[in-house]
Structure formats: structure tokens, C-alpha cells
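Chemist: Sequence first, then the predicted structure, then my questions.
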Amino acid sequence: AQSVTQLGSHVSVSEGALVLLRCNYSSSVPPYLFWYVQYPNQGLQLLLKYTTGATLVKGINGFEAEFKKSETSFHLTKPSAHMSDAAEYFCAVSESGANSKLTFGKGITLSVRP
Amino acid sequence: GAGVSQTPSNKVTEKGKYVELRCDPISGHTALYWYRQSLGQGPEFLIYFQGTGAADDSGLPNDRFFAVRPEGSVSTLKIQRTERGDSAVYLCASSLTGTSKFFGPGTRLTVL
């Protein structure tokens, strides 16, 4: 069984500040890891994913995440927050292999203060 | 269309009624998924189709829930004898090969 833990439900940062959204996972097999963003009244959009290879992955909108197997973590970061980053962010894990189902965390709402 | 579409966008029904939710995947995508997102939670897997067949239906909560994909494209999620606890946003996603899944905007189901 797989699971994802996203501690806290809400993060607030100032515009231009570092964004750090934490994600820890549990998996009995080598995982694939994902971050999705959900803007109000819109569908989930893939920000980035880790499958194999380089553990630091870069995604859209300046976000990146690092897979740390020893810490079972896949934290999402962005050096400088923009107002348009305000949204809900979901971390997800799947078994390796194509078309495996995703197991999501509860999500974190990111607010950006002017 | 360019993306995954879902209809209706909102559905309000009464307890005990039957509902159907439709998903149009991206053209050519062979894999299709249904998820359910309750308020304040992340999406939960319901069922996965590869082509016309359900490859994994382990997430369906009970036998009131059923899904079909008869021609390997459009899928319909069917819920019989709806209960208030079925109220949620139902998400559909599709993918071609590999790991990138594209999600639709969802159908918000409210059971009164």
C-alpha cells in the first residue's frame, strides 16, 4: 500500500519569498512521485514528476522538487513566490510503471501575500 | 477538444436517485481514470480503464457505483441509489502511455 502525507493544510508566504511545500510518502516498491496544482474551479495540472534518473526535477512555473529516498520525501520548492502561485497543491505517489493509479495527499493551500 | 471534458459540471440530485457522469478523454488516450475528491481531501482512485475494459476497479466503494467505456473512448460513471455521502467532485483523467495523466475539470455532485 502507498500513502502520502502533506503536513498542514495551509501555507502563507509573501510575494518574492521562498515557497516550500512538504511531502512525505510511504511505498513498498520504488515510487513514482508527482506534484499537481489545482486552481479554483479548474482541473488538476501536472507541475512535475519523478520517475527515474536525476533526483532533482524541474517543472513548470519555476517549481522544482527533489526525491530523497533516505527521507522518503519529495518536497516542492520555488525560489520566489508570485501572486499567481496561489492555489492548492497535491503530492501523489504511484507504483513504477505506466498507467499506475495515483495515491494523493490531502493537499496544501498556498496563499501569497502582496 | 484539446483537453479532458466532463459533463455536467454540476449535478444536484435527491437521495435515492440515479445519476450518470460523463467523461470525454483526450482523443487517442487509451487509459482513463475516475477519481473522487471530497471536501478538504485529495482525490481518491475509483477505477481505471485500459481501452474498453476495467483494468482496476478496486477503488469503487460499493456495488452502487459502476463505470463503462464501451468503445474505448467516452466513459460514464453511474451511481445508483445515491446517498448524501456520495456528494463530492468526480474527476476524470486520461493518458496515452507513460505516467502523465491529464485531468478534467470535474463534476460536482450534490446529493440532497
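Modeler: Yep, that arrived.
Chemist: all contacts plus neighbour counts: C-alpha atoms, from now on.
Modeler: OK.
Chemist: which residue is nearest the centroid of chain B?
Modeler: When chain B is reduced to its mean C-alpha position, the closest residue under C-alpha atoms, centre = their mean turns out to be B:Trp34, at 3.6 Å.
Chemist: Can you report phi and psi for that one?
Modeler: The main-chain torsion angles of B:Trp34 are listed as degrees, to the nearest 10 and equal phi -120, psi 140.
Chemist: again, but for B:Val4
Modeler: Torsion angles at B:Val4 (phi, psi; degrees, to the nearest 10) stand at phi -80, psi 130.
Chemist: in the chain, which spans are strands?
Modeler: Picking chain A for this. Per DSSP state E, chain A carries strands over the ranges A:3-5, A:10-14, A:19-21, A:24-26, A:31-38, A:44-50, A:56-58, A:64-68, A:73-78, A:87-95, A:103-104, A:108-113.
Chemist: was after chain B, sorry
Modeler: The residue ranges that make up the strands of chain B, judged by DSSP E, are B:5-7, B:10-13, B:19-24, B:31-37, B:44-50, B:53-56, B:65-68, B:75-79, B:88-95, B:102-103, B:107-111.
Chemist: got a list of what the residue nearest the centre of chain A touches?
Modeler: When C-alpha atoms, centre = their mean is applied to chain A, the residue found nearest the centroid is A:Trp35 (3.3 Å). Contact criterion C-alpha atoms under 8 Å, 6 or more residues apart in numbering or on different chains gives A:Leu46, A:Leu47, A:Leu48, A:Lys49, A:Leu76, A:Tyr89, A:Phe90, A:Cys91, A:Ala92 as the residues in contact with A:Trp35.
Chemist: ok, and the closest non-adjacent residue to the fifth one?
Modeler: Among residues not flanking A:Leu76 along the chain, A:Ala65 sits closest, at 4.5 Å (C-alpha to C-alpha, 6 or more residues apart in numbering or on different chains).
Chemist: And that neighbour, how close does it get to A:Pro40?
Modeler: For A:Ala65, the distance to A:Pro40 (C-alpha to C-alpha, to the nearest Å) stands at 23 Å.
Chemist: which residues touch B:Val68?
Modeler: B:Val68 makes contact with B:Thr52, B:Ala54, B:Ser75, B:Thr76, B:Leu77, according to C-alpha under 8 Å, 6+ apart.
Chemist: What count of nearby residues applies to the first one?
Modeler: In this case it means B:Thr52. 17 (other C-alpha atoms under 10 Å in any protein chain shown).
Chemist: Apart from its chain neighbours, what residue comes closest to it?
Modeler: Counting by C-alpha to C-alpha, 6+ apart, the residue nearest B:Thr52 is B:Gly72, at 4.3 Å.
Chemist: that older thread, so the residue nearest to the centre of chain B sits right up against B:Leu46, yeah?
Modeler: Yes: counting by C-alpha atoms under 8 Å, a contact exists between B:Trp34 and B:Leu46, whose distance comes to 5.4 Å.
Chemist: What number of residues are in the vicinity of B:Gly28?
Modeler: 11.
Chemist: Chain B against chain A: which residues are in contact?
Modeler: Proximity of chain B to chain A is assessed by C-alpha under 8 Å from any C-alpha of the partner chain, with B:31, B:40-45, B:48, B:91, B:95, B:97-106 identified as the residues in range.
Chemist: how does it look with 7 Å?
Modeler: By the rule C-alpha under 7 Å from any C-alpha of the partner chain, the part of chain B lying against chain A is B:40-45, B:97-99, B:103-106.
Chemist: least trustworthy position among the residues you listed, going by pLDDT?
Modeler: When the residues of chain B next to chain A are compared on pLDDT, B:Gly98 comes out least confident, at 67.
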